[in-house]
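1. model this:
(4 chains)
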Number of protein chains: 2
Amino acid sequence: MPRVKSESRTALVDSALKTFWKTGYHVVSMGDLVRETGVSRGGIYSDFSGKQDLFHACLDRYQEVVVTPAFAPVEAEGAGIDAIGDYLNNLLNRVKDGNDPGLGCLVVNTIGQIEPEDEATRARLDHHSNRLVRGFKAAITHENQKSGTLSDAEINTLANFTMVSVQGLWGYSRARADLTFLRDYCDTLIKLLKSQVQGADR
Amino acid sequence: MPRVKSESRTALVDSALKTFWKTGYHVVSMGDLVRETGVSRGGIYSDFSGKQDLFHACLDRYQEVVVTPAFAPVEAEGAGIDAIGDYLNNLLNRVKDGNDPGLGCLVVNTIGQIEPEDEATRARLDHHSNRLVRGFKAAITHENQKSGTLSDAEINTLANFTMVSVQGLWGYSRARADLTFLRDYCDTLIKLLKSQVQGADR
DNA sequence: CTTGTAGTGGAACGATCATTCTATAACAAG
DNA sequence: CTTGTTATAGAATGATCGTTCCACTACAAG
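-> Model prediction:
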């Protein structure tokens, strides 16, 4: 038999992911991707049907290599509100350690530049948002079990709020790479969430 | 004397603003702008040095025609936290009435697709963020004067948090045009801010 | 060795981009 | 009318885009 087919090209996708993340889908050219990934044009097109297909693979891979490890504390069994703080700090530390191509979140960046008809991309963004809400809801629910302050509807609303607010953090972190500023945001969010569960003002 | 020079082209900028807002800077072509604004290529280039220059004019105009009226309650003398809710609902109602090209915020969308070296654009985005923080800080400070619960540093932190969180709202509103969902976010934010000023849990 | 496949480097293609230019129409002032 | 200015429609330009194609190399299996 001939040579074995490429071992699934994760290195290509990882490299393309960084490029898309740093520069944005529309600005990245296939020439950029060839240069940054070290894979030839033919190689890319043999594994993906085109630029958009590769980008979708990057969005999926982003969930695996960035969201899953960072969000693990929240998705862990018995996670409470502090796990949300761990999640935020996990990503902030990635930035500090220089593991990420820059700040921001690939999903949040993409929301701002996707065209409304692009359903395939939109579905991936929705999946991300739903994943966050699901995690936040479980964490708030667990924290709330101690006091029983919040109703189910209130927990839902709070989880949705947290998701939206956190997407603001990642979006804004692209504009301002001030770790102290960003950590203050995280501390405030956690404090606010806890104050709601403790239900001090109800 | 000959014919008078074009009356400052505000109609051109207004139209270009909508196009950039809806579609995003990189996706909009000069051909799109010619078609949407009804101004010829020569006309555009006689008033602006290029696409980026026109875009900057749109960012500036966005402050005037969108942010200033919507944010007016917050920037008004004696505004409190409810003014922040008015601001959010002002923009949500614009969407409902179909005045805006879609959802989202031109500034937030731009943050996600600007290249780090583009200082001229970045300065305009910073100006917007600073304006929001200044307004939120004044409103929270005024509300806090009744109880005196929060320190100056705490007010600063809360104003920064609010700005980041609100940018999350406008960013996410592009992905999910569900007015009920978005209003729930607004109500939650206002409730959280008030609970902090009342200082129930301190 | 030969054979078949995977992958490369880069030319080629047609489309589209931002920008410039030209010829012309519209109109105000003399 | 003529003259001067503004703006138009659209051709032209040169660059770059995503995509396709091809000659060639590397290598594993027979």
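2. low-confidence stretches in chain A?
-> A:1-8, A:99-103, A:199-202 (pLDDT under 70).
3. tell me which stretches of it form strands.
-> With DSSP state E, there are no strands along chain A.
4. which stretches in it count as helices?
-> A:10-23, A:30-37, A:41-47, A:51-62, A:68-75, A:81-96, A:106-111, A:119-147, A:152-173, A:179-198 (DSSP state H).
5. find the nearest non-adjacent residue to whatever residue of chain A ends up closest to chain B, please.
-> Nearest residue of chain A to chain B, counting by CB to the nearest CB: A:Gly168, 2.4 Å away. Placement of C-beta: from N, CA and C, glycine included. Closest residue to A:Gly168 apart from its sequence neighbours, by CB to CB, 6 or more residues apart in numbering or on different chains: B:Gly168 at 2.4 Å.
6. wait, the one you found sits on A:Thr162?
-> No - using CB atoms under 8 Å, B:Gly168 is not in contact with A:Thr162; the gap is 9.7 Å.
7. give me every residue that touches the residue nearest to A:Gly168.
-> B:Gly168 makes contact with A:164-169, A:171, according to CB atoms under 8 Å, 6 or more residues apart in numbering or on different chains.
8. same question for A:Asp14.
-> A:61, A:65.
9. and A:Thr141, by the same measure?
-> By CB under 8 Å, 6+ apart, the residues touching A:Thr141 are A:Ile155.
10. tell me the most buried of the helices of chain A?
-> Looking across those with neighbours counted as mean count of other CB atoms under 10 Å in any protein chain shown, the highest average goes to helix A:106-111: a mean of 26.
11. from the middle of its chain, how far away would it be?
-> In this view, helix A:106-111 has its centroid 8 Å away from the chain centroid, taken as CA atoms, centre = their mean, to the nearest Å.
12. next one: stretch A:116-131
-> 12 Å.
13. that stretch near chain B anywhere?
-> Yes - contact between stretch A:116-131 and chain B, assessed by CB under 8 Å from any CB of the partner chain, occurs at A:116, A:122, A:125-126, A:129.
14. now render those residues as a markdown table, adding distance to B:Lys96.
-> Formatted as a markdown table, those follow (distance: CB to CB, whole Å):
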| residue | distance to B:Lys96 |
| --- | --- |
| A:Pro116 | 17 |
| A:Arg122 | 22 |
| A:Leu125 | 23 |
| A:Asp126 | 22 |
| A:Ser129 | 22 |
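15. closest one of those residues to DNA strand C?
-> Using CB to the nearest atom of the strand, A:Pro116 comes nearest to DNA strand C of those, at 17.1 Å.
16. tell me how far that closest one lies from B:Gly168.
-> Distance, A:Pro116 to B:Gly168, by CB to CB, to the nearest Å: 20 Å.
17. quick one: contacts for A:Ala138?
-> A:Ala138 touches A:74-75, A:79, counting by CB under 8 Å, 6+ apart.
18. list residues touching both of B:Gly168 and A:Thr162?
-> Contacts common to B:Gly168 and A:Thr162, judged by CB under 8 Å, 6+ apart, are absent.
19. turn the contacts of A:Ala138 into TSV, columns for distance to A:Val28.
-> Output for these, formatted as TSV (distance: CB to CB, whole Å):
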residue	distance to A:Val28
A:Val74	30
A:Glu75	30
A:Ala79	36
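20. list of residues touching stretch A:25-37?
-> For stretch A:25-37, using CB under 8 Å, 6+ apart, the contacting residues are A:11-12, A:15-16, A:18-20, A:23, A:39-41, A:44, A:51, A:54-55, A:110, A:113, B:24, B:26-27, B:113, B:115.
21. restrict those to contacts with DNA strand D.
-> Contacts with DNA strand D within the contacts of stretch A:25-37, counted by CB under 7 Å from any atom of the strand: A:41, A:51.
22. right, I'll leave it there.
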